[in-house]
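# the following block contains a protein sequence and its predicted model.
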Amino acid sequence: MKIKSAEFVVSNSDVTKCPKSSLPEYAFIGRSNVGKSSLINMLTSRKSLAKTSGKPGKTQLINHFLINKNWHLVDLPGYGYAKVSKSSKKVFQKFITQYFSFREQLVTAFVLVDIRHKPQPIDLDFMQWMGENNIPFSIIFTKADKLKPGAIIRHVADYKNTLLEFWEDMPNYFITSSTKNMGQDELLEYINELNGNIA
Ligand code: GTP
Ligand code: MG
């Protein structure tokens with residue numbers, strides 16, 4: 001799929017104020033700093049459509065981007081930074097869980113994890129919450145440029161082994177690098193298929 005147009009629509013912290021259109025949408029979620037906003041820029045081949053930062057906590061709101069005039073990409077704030085509760089009971093920002101619980105236009109979510117790290121409890125908890133709430137998701141491994149090919153294979157295999165302790169199947173997954181454009185075609189093709197090849 002070719003990206004012919006990509007435009008910012010609206011930011012807000014209230015799912016009821018998200019665009020009313022029934023266009024299919026895809027949301028990116030994961031820990032702060034994992035690379036959600038960078039991935040949106042990479043997918044759309046736009047340098048600064050979504051705001052990125054070296055410091056965690058850059059994206060604070062639900063941001064809708066209209067792509068090719070007929071579907072939405074959604075950039076969300078990260079979890080696991082600052083406002084997240086202490087101890088073992090992880091709480092995700094309320095408007096994020098409300099977004100996933102109530103946004104009927106959501107076709108699938110992408111849960112981003114940094115390929116360099118071992119599976120983190122907060123990500124596993126979030127995936128579990130998505131599963132319990134029947135919200136479909138794929139995993140996106142980010143920052144693959146930071147590892148050598150052999151290490152990529154090893155880290156993904158480790159991740160799979162951990163997930164298979166909790167899940168019957170490994171969710172669909174993609175290996176990406178926003179700096180090297182890795183995974184761009186695969187992700188856009190996947191979205192295109194889910195969109196029913198509308199554009
Ligand atoms: P929040 O909005 O704070 O939740 O963060 P985010 O998940 O949107 O991360 P963002 O895209 O702002 O990127 C965080 C940092 O990681 C920035 O310094 C990016 O340049 C860097 N980064 C993102 N993706 C990649 C990647 O694929 N490779 C490398 N090397 N760096 C990346
Ligand atoms: Mg961001």
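The structure has been received and is ready for your questions. Ligands and ions are numbered 1, 2, ... in the order given.

# dump the residue contacts of the most centrally placed residue in the chain.
Among the residues of the chain, the one closest to the centroid is Phe28, at 2.3 Å (CA atoms, centre = their mean). Under the criterion of CB atoms under 8 Å, 6 or more residues apart in numbering, the contact list for Phe28 reads Lys36, Leu39, Ile40, Leu73, Val74, Asp75, Leu76, Ala109, Phe110, Leu112, Ile140. Every C-beta, even on glycine, is put in place using the N, C-alpha and C of the backbone.

# what strands flank the helix or strand encompassing it, and is each parallel or antiparallel?
Taking DSSP states H and E as the criterion, Phe28 maps to strand 25-30. In the sheet containing strand 25-30, the strands it pairs with under DSSP bridges are strand 71-75 (parallel), strand 106-114 (parallel).

# quick one: the shortest one near ligand 2?
No. With CB under 5 Å from the ion as the measure, strand 71-75 is seen stopping short of ligand 2, the closest distance being 5.8 Å.

# after that strand, which helix or strand is next?
Beyond strand 71-75 in the direction of the C-terminus, DSSP H and E gives the next helix or strand as helix 94-102.

# and the angle for that next one with strand 25-30?
Between the axes of helix 94-102 and strand 25-30, defined by axes from the mean of the first three to the mean of the last three CA atoms, to 10 degrees, the angle is 140 degrees.

# quick revisit: closest one of the contacts of Phe28 to ligand 1?
Taking CB to the nearest ligand atom as the measure, Lys36 is the one of the contacts of Phe28 closest to ligand 1, at 3.6 Å.
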